[in-house]
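> Structure, please.
(chains A and B)
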Amino acid sequence: MGKFNNLRSKLADDLDIPNDAFSDNFDLKMHGNKKIIIENHLGITVYENNQVGIKTVENNIMIKGSKFIIEEINNYSVIIKGNIDEIIFGKRE
Amino acid sequence: MLIFKLVSMLRGYAVIRLKGANSEKIINLLRRKGILMWDVEKNEDGIKLKISYEDYERYKDTIEEAKIETVNKKGLALKVKKLKLRKGFVAGLLILIVCLYIFSSMVWNVEVVGTNSTTAKNIIKVLEQNNVKVPMAHTGIKPKKIETLIYTNFNQFKFVEVYIEGSNLLIFVKEKKPENAEIQGNEPSSIISGKNAIINKVIAKSGQPMVKEGDVVYEGQTLVMGMVKNKNSEEFMMVPSDGTIYGKTYYNFEMKEEKLKNFEVGTDKSKNVYYLQKNGSSIKIIGDKGPYKNYNYKESTVRIPIISYLSDIAIIKGTYYEHIVKPVEIDENTAKNKMKIDMYDNLLKMCNQNAKVLDSSLNFSEDDEYFYLRAQIEVIEDIGKKVRLYPIEDINVEKTDDKN
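As a prediction, the model looks like this:
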């Protein structure tokens, strides 16, 4: 899964195709340190006021900070608002 | 996001609360089912989130199975759904809307502005005779046609404008002014004195001068006669008089100005009073009439939407602004200047445009309360005034007519 995904990601880069359209990698956008948009996620693992955990194909993303609100969540993307202090990317076991 | 929230308000949404340790799992479960969630907030009671009403209805069983608490349901779609049960209310509402539409698309009153009540009644009578009767639908009223109708039936109007304002048909009319009886250049006329004066110069271009320089003339006295003797037949004939007669006129003025004058000065205080107006009469609702000793009063009319169009009801808002009287001492120079300006203003109103001031004597005096000005102004001005001469035959004819 991992190797095949890496290959697709590499191919997408070589062909100048958007990476998220071709591979299973997540797409992360930040608006300052107040808003974060993660696309291609697999769900939330933790939701507290001071931390939010998001599961993706290859990583577990842990966002730390304060006053977190999930502005929108659907099957494809999640929008989190709050004061973001730290983002930790962990390898999925 | 604002548009999204607005749409969700229209389509309806449900607020649900997740309790317990496995809240994240339930969120993921709902997500996997393709349910969109927004405004997910965590507090002491658990996680509160919003889902669309459609999703709520579709996955109602799942939500109940997961023992999820439904906090609230909001939105226009829900209200409409509730209205389906209240058939009488909906029917009443629809009838009201239809009635409002029908009544507001009709003219209920005709108002004529710019003429006396008798003429206004006559105009309304003429309109009624031509099938313009109230109540009448807006579409049936043709303002241009009504204007033409009024122009053809009434000669005294120089301007007519008709338009519809709400449920009123407004007719603005402007009456013609009577034409000035100007004396034509070839009409027999004399020149008479318009004022008491001493003749200074007589320039008679046509007609027989009756006065000479230095003569004292009184108001109404003939200065140039429009009847001259025919050189050939020794008979008198009527001619148009023309000329300029300059006379010295004297104007006396007595003016006074207070030494201590009271001025009204506005303060920051104001109070409102509200009246309900119906058919020209008004009833006080809130506030006091004349709450201050000295005040400036301003009034404005607030028209209530729909109600004011259907009936003549309006709310009048009056505001009393407090004024205090402050005595101010006027100094001598200011008082003198003011009196002089007032005097010359009056003089300008009294004498002709081409008048020339020959001499003026101004005497200022004062007592404890007032400054006084006594003045005499000597002016040279054209004192002549043209009057029409009527032919003798015409007068005779009129007399015989009277006898008959």
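
> what's the closest non-adjacent residue to B:K269?
B:E322 (4.2 Å; Cβ to Cβ, 6 or more residues apart in numbering or on different chains). All C-beta atoms are positioned from the backbone trio N, CA, C, and that covers glycine.

> quick one: the lowest-mean-pLDDT helix or strand in chain A to chain centroid distance?
None of the helices or strands of chain A scores lower by mean pLDDT, DSSP states H and E than helix A:19-22, at a mean of 74. Centroid displacement of helix A:19-22 relative to its chain, using Cα atoms, centre = their mean, to the nearest Å, is 14 Å.

> Using PDB, write down the CA coordinates of that helix.
Extracted C-alpha coordinates of helix A:19-22, given in PDB (Å, rounded to 0.1, in the frame of the first residue of the first chain):
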ATOM      1  CA  ASN A  19      -0.800  14.900  -6.100                       C
ATOM      2  CA  ASP A  20      -4.000  14.400  -4.100                       C
ATOM      3  CA  ALA A  21      -5.900  13.400  -7.300                       C
ATOM      4  CA  PHE A  22      -3.500  10.600  -8.100                       C
END
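
> so the residue nearest to B:K269 makes contact with B:N294?
Yes: when contacts are counted by Cβ atoms under 8 Å, B:E322 is listed as touching B:N294 (7.3 Å).

> Roughly how far does the residue in chain A sticking out farthest from the centre sit from A:S23?
Within chain A, A:L15 marks the point farthest from the mean C-alpha position, 23.3 Å out by Cα atoms, centre = their mean. As defined by Cβ to Cβ, to the nearest Å, A:L15 lies at a distance of 12 Å from A:S23.

> try B:N155
Distance from B:N155 to A:S23, by Cβ to Cβ: 92 Å.

> who's more crowded, those two?
A:S23 (22 against 8; other Cβ atoms under 10 Å in any protein chain shown).

> for the more buried one, what are its contacts?
Shown in contact with A:S23 (Cβ atoms under 8 Å, 6 or more residues apart in numbering or on different chains): A:5, A:8-9, A:12.

> Least confident of these?
Scanning those for pLDDT, the low point is A:N5. It has 77.

> That one looks like it's in a helix, true?
Yes: assigned with DSSP: H, G, I helix; E, B strand; the rest coil, A:N5 falls within a helix.

> Pull the contacting residues for it.
Counted by Cβ under 8 Å, 6+ apart, A:N5 has contacts A:23-25, A:57-58.

> Roughly how far does it sit from chain B?
21 Å (Cβ to the nearest Cβ, to the nearest Å).

> Compute the distance between that residue and A:L28, please.
16 Å.

> On the three-state scheme, the nearest residue to A:N19 once chain neighbours are set aside is what?
Distances taken as Cβ to Cβ, 6+ apart put A:A12 closest to A:N19, at 4.8 Å, once the chain neighbours are dropped. Look at A:A12: counting by three-state DSSP, its state is helix.

> Now do A:A12: how many residues are near it, please.
If we define neighbours as other Cβ under 10 Å, then A:A12 has 17 of them.

> need the contact list for it.
Counting by Cβ under 8 Å, 6+ apart, A:A12 touches A:18-19, A:21-23.

> And it, how far from chain B?
26 Å.

> sec struct for residue 41, please.
Since no chain was named, I'll use chain A. Secondary structure, three-state DSSP: A:H41 is coil.

> wait, chain B
strand.

> ok, it touching B:K48?
Yes: at 5.1 Å, B:E41 counts as touching B:K48 under the criterion of Cβ under 8 Å.

> Run a quick neighbour tally on the residue of the stretch 251-400 of chain B found nearest chain A.
Proximity of the stretch 251-400 of chain B to chain A (Cβ to the nearest Cβ) peaks at B:P305, 38.5 Å away. Applying other Cβ under 10 Å, we find 6 residues neighbouring B:P305.

> Name the helix or strand for it, please.
Counting by DSSP states H and E, no helix or strand carries B:P305.

> which phi and psi does it have?
phi -60, psi 140 (degrees, to the nearest 10).

> Go ahead and name everything in contact with the strand or helix carrying B:K261.
Per DSSP H and E, B:K261 falls inside strand B:260-278. Residues outside strand B:260-278 that contact it (Cβ under 8 Å, 6+ apart): B:282-289, B:291-292, B:294, B:296, B:301, B:311-330, B:369.

> For PyMOL, write the select line for the buried members of those residues.
Here is the PyMOL command that selects the buried residues among the contacts of strand B:260-278 (16 or more other Cβ atoms under 10 Å in any protein chain shown):
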select buried, chain B and resi 292+314+315+316+318+320+321+322+323
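
> In strands, which of the contacts of strand B:260-278 appear?
Judged by DSSP state E, the contacts of strand B:260-278 include B:282-286, B:294, B:296, B:301, B:313-329 as members of strands.

> quick one: stretch B:37-46 near chain A?
Yes: against chain A, stretch B:37-46 shows contacts by Cβ under 8 Å from any Cβ of the partner chain at B:37-42.

> Most neighbours out of the residues you listed, which is it?
B:V40 (24 neighbours).

> which ones are touching it?
A:47, A:69-71, A:73, B:27, B:47-49.

> for B:I26, same thing?
If you count contacts by Cβ under 8 Å, 6+ apart, B:I26 has them with B:18, B:66, B:68.

> Quick check: the nearest residue to the last one once chain neighbours are set aside vs chain A, distance?
To tie it back to what came earlier, the one meant is B:I68. Closest residue in space to B:I68, ignoring its immediate chain neighbours: B:I16 at 5.1 Å, by Cβ to Cβ, 6+ apart. For B:I16, the distance to chain A (Cβ to the nearest Cβ) stands at 13 Å.

> Likewise for B:N153?
72 Å.

> That residue and B:Y218, how far apart?
The value you get for B:N153 to B:Y218, if Cβ to Cβ is used, is 50 Å.

> What segments of chain A are helices?
A:2-14, A:19-22 (DSSP state H).

> just those: most buried one?
Across the helices of chain A, the average number of neighbours (mean count of other Cβ atoms under 10 Å in any protein chain shown) peaks for helix A:19-22, which reaches a mean of 14.

> Show me what it is packed against.
When contacts are defined as 3 or more Cβ pairs under 8 Å, 6 or more residues apart in numbering or on different chains; DSSP states H and E, helix A:19-22 packs onto helix A:2-14.

> For the closest residue to A:H31 other than its chain neighbours, which residues are in contact?
Spatial nearest neighbour of A:H31, chain neighbours left out: A:I37 (7.8 Å); criterion: Cβ to Cβ, 6+ apart. Applying Cβ under 8 Å, 6+ apart, one finds that A:I37 lies in contact with A:28-31, A:77-80.

> Tell me the spacing between A:I37 and chain B.
From A:I37 to chain B the distance is 12 Å (Cβ to the nearest Cβ).

> for that residue, which residues make a bridge with it?
Beta-bridge partners recorded for A:I37 (DSSP bridges): A:K29, A:I79.

> now swap in B:W38 and tell me
Under the criterion used (DSSP bridges), B:W38 bridges to A:E72, B:K50.

> what sits against it?
B:W38 touches A:70-73, B:4, B:8, B:49-50, counting by Cβ under 8 Å, 6+ apart.

> Apply 10 Å and report the result again.
Applying Cβ atoms under 10 Å, 6 or more residues apart in numbering or on different chains, we find B:W38 in contact with A:69-74, A:79, B:1, B:4-5, B:8, B:13, B:49-52.
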